[in-house]
Structure formats: structure tokens, C-alpha cells
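K.L.:
Next input, structure requested:
(one chain, ligands or ions: 2)
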Amino acid sequence: MKGRVLIVAGSDSGGGAGIQADIKAVTAMGGFAATAITALTAQNTLGVHGVVPVGPAFIAQQIEVVLTDIGADALKTGMLHGAEVIDTVVASVRRHAPGVPLVVDPVMVAKGGHRLLLDEAEAALRERLLPLAALLTPNLPEAEVLAGFAVRTEADMRRAGEALRALGAKAVLMKGGHLEGDRVVDLLVHDGGIERFEDARIESRSTHGTGCTLASAVAAGLAQKRTLIDAVARARAYVRAAIASAPGYGRGHGPLNHAVWTGEEQRP
Ligand SMILES: Nc1ncnc2c1ncn2[C@@H]1O[C@H](COP(=O)(O)OP(=O)(O)OP(=O)(O)O)[C@@H](O)[C@H]1O
Ligand SMILES: [Mg+2]
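P.N.:
Numbers count the residues shown, from 1 in each chain. Ligands and ions are numbered 1, 2, ... in the order given. Got it, this is the predicted structure:
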């Protein structure tokens, strides 16, 4: 086992996204996952049926006791619910993990359409959390909200990635899963230029939690001291393999097969 990752995110009772996907992804990458839970969701493949937020002081306590004892080589944030939670996380990270690479998955809306971030929190995310990110991983609707303009083409994705870097994120992985077409393009916009990843789209309903899984797998790679490009390349390959071998559970957007890579020999 190599690389400690602290994940700050919400629980998905369905096991396909959120904290559950995060722990499975970090484990599959050979890392160690610790968690600070920001909210509980009653969720399945059909949608989010209920949310119970965790109080900011208790979120801060989870982060503090983990970081002051176990420590972390990378951090990942997912569902943060509201502005107060974002400000709590920003303060905790600054205090207890300065300089530790942070992957910010700016979760706003669940695959089924349920809002996971209050409108009033968008400014806090953009102005206070985003500048701490070693990597920001927006999907296209999130990139539109954060950048403030429509993102409908690959050229728009480049512009949005650069705009989000100008707001303070060190690097931005623009995820193209929401664009139409039989190819999927993700763009990694970083200080050395733009890395383009293109693959065939996998025809599948089992794409619940792809974003959480990808961001946590990248965080595990960074915790293991891989380069950003290498960490992203491995995480994408993992997500693709996990979609391709998904078990097909549930009647909606089904979970991935997080166990597709179980050992050192399978990890590139
Ligand atoms: N059908 C697919 N085939 C292949 N790759 C996919 C497919 N759907 C998504 N991906 C990949 O999965 C990753 C996550 O992208 P996506 O745009 O789905 O994120 P997301 O919307 O944040 O996901 P989530 O709904 O879980 O939050 C990206 O690397 C994307 O290219
Ligand atoms: Mg997402």
C-alpha cells in the first residue's frame, strides 16, 4: 500500500458514487483512503431520495483528527453542499495540510438531476476553494457555471480550462463525458500546455459515479508521487475498464466495477 488520500465528500448509500466510490477507487489504485463525510444521501441508481447534511464543526473535526495523526499525501473534495461547508474545508486544509496536493471535484448536480450544491455556494467554490486546487475536475455543466460561459465544443473546453486556471486552479481536467458523439475527449489544461485524451465512448447505462471515481483515482496517483499527466492517464484507463465491466445493478444509472483492477499486476 502506498499513498494516503483524505477524501472530503458525501456518502452514497447506493455505493456507486460519493465516498463509497472514492474509497473503492483509492483502494484499487493501491492507496489508503481516509474520509471526512459532509452529508449522508439516501441514493440508488435512480436518484437522490434524501440528504442529511453533517454540521461544519463535525466536518472540521473529522479532517483535523485524521490529518494530525494519520496524515495525507493528497486530498480530494467532492460534494460540499453549502458555502459554510466550503469555508470550513478551506480553513481546515490551509491549517492542517498546506502544500498537500488537492483534487477538487466541483460536484453540483447528481446524474439524476438532483442539486448537490446550493446556488449561494457557487461563489465560495469559485473564489475560495478553486484557488487551492492542484487539479479541478469539472464536467461540462459545472465548467459553464464556474467559467460563466457556454461550453459546447472542444474549443469551448479549452477556453473554459484556461479561464478556470486564470481563477487560480493549478490545472484543470475538462471532462467531456457530457458532449454528444461516439468519441469522449477530456482535456488536461496545465502549466505546460494542454494534454488531450480521446477514446471511444462506451455504450452503457452504468456511468453512475464516473466523476467521483476518476477524481479519487487521480488523487491516489498524486499521493503516490506520479506526475499529474501520468496520474490522469491511469485514472482514465481505470474508469474505462470499470465502465466496460460494470455489473448492471439497478434500474437507472448503474455502478461501475470498482474491483476491475484488484492487484499490483493489473495497475499500469
Ligand atoms: N460512456 C462513457 N464512455 C467512456 N468514458 C466515459 C463515458 N462517460 C464518462 N466517461 C469518462 O468518465 C470520466 C467522468 O466524466 P463525466 O463527464 O461523466 O463526469 P461527471 O459528469 O462528473 O460524472 P458524475 O455524474 O459521476 O459526477 C471522464 O474521464 C469521461 O471521459
Ligand atoms: Mg461529477
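K.L.:
check contacts around the nearest residue to residue 229 once chain neighbours are set aside.
P.N.:
Spatially, and ignoring its direct neighbours in sequence, residue 229 is nearest to residue 195 (5.5 Å; C-beta to C-beta, 6 or more residues apart in numbering). No exception for glycine: its C-beta is placed from N, CA and C like everyone else's. Residue 195 sits next to 187, 188, 229, 232 when contact means C-beta atoms under 8 Å, 6 or more residues apart in numbering.
K.L.:
same deal with residue 184?
P.N.:
Going by C-beta under 8 Å, 6+ apart, residue 184 touches 176, 177, 198, 199, 200, 201.
K.L.:
hang on, the earlier thing: out of the contacts of residue 195, who's near ligand 1?
P.N.:
The subset of the contacts of residue 195 within reach of ligand 1, by C-beta under 6 Å from any ligand atom, is empty.
K.L.:
Which ones among these lie within strands?
P.N.:
187, 188 (DSSP state E).
K.L.:
Got the confidence number for whatever residue of the stretch 51-200 of the chain ends up closest to ligand 1?
P.N.:
Relative to ligand 1, the nearest point of the stretch 51-200 of the chain is residue 177 (2.4 Å; C-beta to the nearest ligand atom). Looking at residue 177, its pLDDT is 91.
K.L.:
Buried by neighbour count: which residues of stretch 69-78 qualify?
P.N.:
By 16 or more other C-beta atoms under 10 Å, the buried positions in stretch 69-78 come out as 72, 73, 74, 75, 76, 77, 78.
K.L.:
in its sheet, what does the lengthiest strand in the chain sit against?
P.N.:
Secondary structure of the chain per DSSP E: the longest strand is strand 32-44. Here strand 32-44 is paired, per DSSP bridges, with strand 4-12 (parallel), strand 47-53 (antiparallel).
K.L.:
Which positions in the last one come out as buried?
P.N.:
Within strand 47-53, the residues that count as buried by 16+ other C-beta under 10 Å are 47, 48, 51, 53.
K.L.:
what's downstream of that strand, the next helix or strand?
P.N.:
Counting by DSSP states H and E, the next helix or strand C-terminal to strand 47-53 is helix 56-67.
K.L.:
Please apply the same query to the first one.
P.N.:
Sequence-wise, the next helix or strand downstream of strand 4-12 (DSSP H and E) is helix 18-28.
K.L.:
Surely the residue of the stretch 51-200 of the chain closest to ligand 1 touches residue 139?
P.N.:
Yes. At 6.2 Å, residue 177 counts as touching residue 139 under the criterion of C-beta atoms under 8 Å.
K.L.:
any shared contact partners between these two?
P.N.:
residue 211.
K.L.:
Quick check on those two: which one has the bigger neighbour count.
P.N.:
Each of residue 177 and residue 139 has its neighbours counted (other C-beta atoms under 10 Å); residue 139 has more, 23 against 15.
K.L.:
isn't that one right next to residue 175, touching?
P.N.:
Yes. Residue 139 is in contact with residue 175 according to C-beta under 8 Å; the separation is 4.9 Å.
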